[in-house]
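# next input, structure requested:
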Amino acid sequence: MPEPERNIVTNRRARYDYHLHDRFEAGIALLGSEVKSLRAGKANLQEAYVRLQPGGAWLVGCHISPYTHANRLNHEPLRERRLLLNRREIHKLKRGTREKGMTIVPLRLYFKGSLVKVELALAKGKRLHDKRQTLKARDAKREMDRGR
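Numbering: from 1, shown residues only. Predicted coordinates for the structure are as follows:
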């Protein structure tokens, strides 16, 4: 039986700020101290985004705290990390970001077995009235659940 996925951190703000479209799963090239820090749950995706370059895709702005028991070989908390995607997936992401207002947003970091994966989404930014509409719908659902 395959080992279940275990969330490390989710970017809850992404669902509020963006309309999410296509989703992708990518591996991340990490250092040993980064993996140990992730096992302790010390990560933040709040200001992270994905940059596409000729060499591939990179996760930028993801903060992984330094591992407390590592010595001088500790990692830089905000370093850019390479995303492991195949050529077709990178091509789909490039095609998606050419559309006006589309960006690539990391949604969550999680363990899939012993590997660290990141869930990405092609997303379009919401306007203020879209955010208000989201809040109204959430409040209405909450009220209906209370009434039962």
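# what strands line up against the host helix or strand of His21, and which way round?
Per DSSP states H and E, His21 falls inside strand 18-28. Applying DSSP bridges to the sheet, strand 18-28 is found paired with strand 81-84 (antiparallel), strand 115-125 (antiparallel).
# which of those strands sits closest to Gln53?
strand 81-84 (10.0 Å; C-beta to C-beta). Backbone N, C-alpha and C define where each C-beta goes, glycine included.
# what's the following helix or strand after that closest one?
helix 87-98.
# got the contact list for that next one?
In this structure, residues lying in contact with helix 87-98 by C-beta atoms under 8 Å, 6 or more residues apart in numbering are 21-22, 24, 26, 50, 52, 56-57, 85, 102-104, 120, 122.
# may I have the phi/psi pair for Arg108?
Backbone geometry at Arg108, expressed as degrees, to the nearest 10, gives phi -160, psi 150.
# what about the helices in the protein?
12-17, 32-39, 87-98, 128-147 (DSSP state H).
# could you export the ones you listed as a markdown table, including mean pLDDT, mean neighbour count and distance to Asn71?
Shown next, in a markdown table, are these (pLDDT from 0 to 100; neighbours: other C-beta atoms under 10 Å; distance: least, C-beta to C-beta, whole Å):
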| stretch | mean pLDDT | mean neighbour count | distance to Asn71 |
| --- | --- | --- | --- |
| helix 12-17 | 84 | 14 | 34 |
| helix 32-39 | 88 | 18 | 9 |
| helix 87-98 | 90 | 13 | 36 |
| helix 128-147 | 84 | 10 | 45 |
